[in-house]
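>>> Sequence first, predicted model second:
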Amino acid sequence: MQSAKKIEQRRHLEAAFRLVAALLVIGCLSAFCARAAFAKEKADLLVTNGTVVTMDAQRRVIDDGAVAILGDTIVAVGKGVEIRSQYESARSIDARGALILPGLINGHAHAAMSLFRGLADDLALNEWLQKYIFPAEARNVTEDFVEWGTRLGVLEMLQSGITTYADMYYFEDMVARVTKEAGMRGVLGETIIDLPAPDNKTVAQALAYTQTYLDHWKGDPLIAPAVAPHSIYTCSEGTLKASAALARHNGAPILIHLAETPFELEQSRSKRGLSPVAYLERIGLLGPDVVGAHCIWVDAADISTLAHFGVGCIHCPSSNMKTAAGVMPVIEMIAAGEPVGLGTDGAASNNNLDLFEEMDLAAKLQKLARRDARALSAETVVEMATIGGARALHLEKQIGSIETGKKADLILVDTNAPHATPMYDVYSQLVYALKAPDVRTTIVAGKLVMEDRRMLTLDENEILTKAREYKARIDASLALPLAK
């Protein structure tokens, strides 16, 4: 009997142990599940406590917003409390008192020409080019000149919140190297021109150089190599067709000056009986891979043609005003569905690379030209500098807005200065009040290139010293008077 009792007690004891063990397992599983439910996703960088101006389709502006970045990509955008609860990162940036904005997009520039800033001013475009710039380039432009001129231009752009730019110049492989070194994004076109150029003396040499250039940079995450026939007045029909064929064979963008001056329009009508746009349509150059700079002298038929072919157009108000080239019909172009971005042009004709200034002037120029204070709203102008510029460069799936899945190109714009206080409307503030030096921090592809106005990828003092040295060299080279 005693033995049977012991057996029964042991059974009860074992059952109790099993119950306790089961409860312990359930408890552990519950605790694990609870921890898993509250586990945060990893991010490489969190930008928090700012006002996020997304420029997405809904034009969301998120107060006390945040952005989570993994690698070179945005993985979350929203209220700060939500992002902080979902993501953790070893690195974060406090954007308190700042707007978090998509990086600005400069749709047309000649970065290396920064070394010619102020060389020849107050001249009509054709005179400026033929009598001053082309001779100065012939005497001074080398690969070394392009290296340091591009560094100067890229420095200025990154400090003013430009994270992507489109460039047309010579020795474009060097432009790409400097741009990549600085951590900037670029659509960079090697110039094809019928004149003997600093890097290639013949069109055949230019085309061969460009093919090598395209091969070198194809597939790069930051650099989109492009082909840049200069214009219809410096390139023959054969050169234009050969340039387009080269670009399309390689799947590269085509950059071109288009319908910029009355001279160009008159010459095209006189020689061909066609507007510049109609001429490019006739020879088969237009397409959704083309970016046209300026596009001033266009009529309703031209605008319809540009929209039909999906050509991106870039408005450069400062340069166009300074050279008295004309006023781009921005309102009609946008109404026609034409993708329109903003550009600075080169510092030799502007004389800076400041897209905040271009936003301000773009809005005011349309209002003045039309005598209509409602023309071209501040919100539309900010769009031209961000998502509209991305569309014009055919990069809207990658950049131009702060959205999940897009590249992490962001800027922080400080709003604490007297000229930025108070703020009622973020778009009006960006266009009419804020300035390039208000850009606090610049991020390209998830990497900090400027933080709290301190450059991280470029040596500012070295660049400025070199620029001053080049000024002395250029002065010496032009000691003999230029033909006037």
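Structure's in. What do you need?

>>> helices or strands up against the helix or strand harbouring residue 204?
Assigned by DSSP states H and E, residue 204 belongs to helix 203-217. On a contact count with 3 or more Cβ pairs under 8 Å, 6 or more residues apart in numbering; DSSP states H and E, helix 203-217 meets helix 172-182, strand 185-192, strand 223-229, helix 237-250. In this view, the C-beta of every residue, glycine as well, is placed from N, C-alpha and C.

>>> Wait, residue 147 touches residue 174, no?
Yes: Residue 147 is in contact with residue 174 according to Cβ atoms under 8 Å; the separation is 5.2 Å.

>>> Comparing those two, which residue is more hemmed in?
Higher neighbour count among residue 147 and residue 174: residue 174, with 23 against 18, using other Cβ atoms under 10 Å.

>>> related to what we said a few turns ago, ok, residues contacting the helix holding residue 204?
For helix 203-217, the surrounding residues in contact (Cβ atoms under 8 Å, 6 or more residues apart in numbering) are 172-173, 176, 188, 190-194, 197, 199-200, 223-225, 227, 239, 242-243, 246, 250, 252.

>>> pLDDT on it, on average?
Helix 203-217 comes out with an average pLDDT of 98.

>>> Break this protein down into its structural domains.
Using automatic domain parsing, the domain ranges for the chain come out as 1-39, 40-102+426-452, 104-399+454-465.

>>> if you compare those, which one is most tucked away?
A comparison of the domains of the chain by mean neighbour count, using mean count of other Cβ atoms under 10 Å, puts domain 104-399+454-465 on top with a mean of 21.

>>> Report the separation between the two terminal residues of that one.
27 Å (Cα to Cα, to the nearest Å).

>>> quick one on the thing from earlier: make TSV from the helices and strands packed on helix 203-217 and add mean pLDDT to it.
Shown next, in TSV, are these (pLDDT from 0 to 100):
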stretch	mean pLDDT
helix 172-182	98
strand 185-192	98
strand 223-229	98
helix 237-250	98
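
>>> And the ones you listed: which comes nearest residue 82?
strand 185-192 (28.5 Å; Cβ to Cβ).

>>> Could you name the helices and strands sitting against the closest one?
If you count contacts as 3+ Cβ pairs under 8 Å, 6+ apart, strand 185-192 packs onto strand 162-169, helix 172-182, helix 203-217, strand 223-229, helix 237-250, strand 254-258.

>>> what angle separates that strand from strand 162-169?
With axes from the mean of the first three to the mean of the last three Cα atoms, to 10 degrees defining the directions, strand 185-192 sits at 10 degrees from strand 162-169.

>>> Quick one: the helices and strands packed on helix 203-217 as TSV, columns for distance to residue 162 too.
Below are these laid out as TSV (distance: least, Cβ to Cβ, whole Å):
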stretch	distance to residue 162
helix 172-182	11
strand 185-192	9
strand 223-229	15
helix 237-250	24
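
>>> residues contacting residue 134?
So residue 134 contacts residue 195 (Cβ under 8 Å, 6+ apart).

>>> Confirm it sits in a helix?
Yes: when DSSP: H, G, I helix; E, B strand; the rest coil is applied, residue 134 is found to be in a helix.

>>> Do you know the pLDDT at it?
We note a pLDDT of 86 for residue 134 in this prediction.

>>> same question, residue 125
Per-residue pLDDT puts residue 125 at 79.

>>> Wait, it touches residue 323, no?
Yes: shown here, residue 125 and residue 323 form a contact pair, counting by Cβ under 8 Å, at 4.2 Å.

>>> Residue 292 and residue 256 touch, don't they?
Yes: counting by Cβ under 8 Å, residue 256 is a contact partner of residue 292 at 5.9 Å.

>>> coming back round to it: which stretch among the helices and strands packed on helix 203-217 comes nearest residue 61?
Of all the helices and strands packed on helix 203-217, strand 185-192 comes closest under Cβ to Cβ, at 24.3 Å.

>>> how far is that closest one from where the chain is centred?
Remark: strand 185-192 is offset 13 Å from the chain centroid, using Cα atoms, centre = their mean, to the nearest Å.

>>> Partner strands of it, with direction?
Strand pairing for strand 185-192, determined by DSSP bridges: strand 162-169 (parallel), strand 223-229 (parallel).

>>> Make a markdown table from those strands and add distance to residue 456 to it.
Formatted as a markdown table, the strands paired with strand 185-192 follow (distance: least, Cβ to Cβ, whole Å):
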| stretch | distance to residue 456 |
| --- | --- |
| strand 162-169 | 14 |
| strand 223-229 | 19 |
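
>>> Among those, which comes closest to residue 68?
Going by Cβ to Cβ, the one of the strands paired with strand 185-192 nearest residue 68 is strand 162-169, 18.3 Å.

>>> Let me know the angle separating that closest one from helix 172-182.
Using the same axes, to 10 degrees: strand 162-169 against helix 172-182 is 170 degrees.

>>> Helices of the stretch 251-400 of the chain, start to end?
Ranges of helices in the stretch 251-400 of the chain, per DSSP state H, counting those that start in this stretch, are 262-272, 276-282, 300-309, 317-322, 330-335, 355-370, 378-385, 387-392.

>>> Format those helices as a markdown table; extra columns: mean pLDDT and distance to residue 470.
Below are these laid out as a markdown table (pLDDT from 0 to 100; distance: least, Cβ to Cβ, whole Å):
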| stretch | mean pLDDT | distance to residue 470 |
| --- | --- | --- |
| helix 262-272 | 96 | 30 |
| helix 276-282 | 98 | 34 |
| helix 300-309 | 98 | 38 |
| helix 317-322 | 96 | 22 |
| helix 330-335 | 97 | 35 |
| helix 355-370 | 98 | 24 |
| helix 378-385 | 98 | 30 |
| helix 387-392 | 98 | 30 |
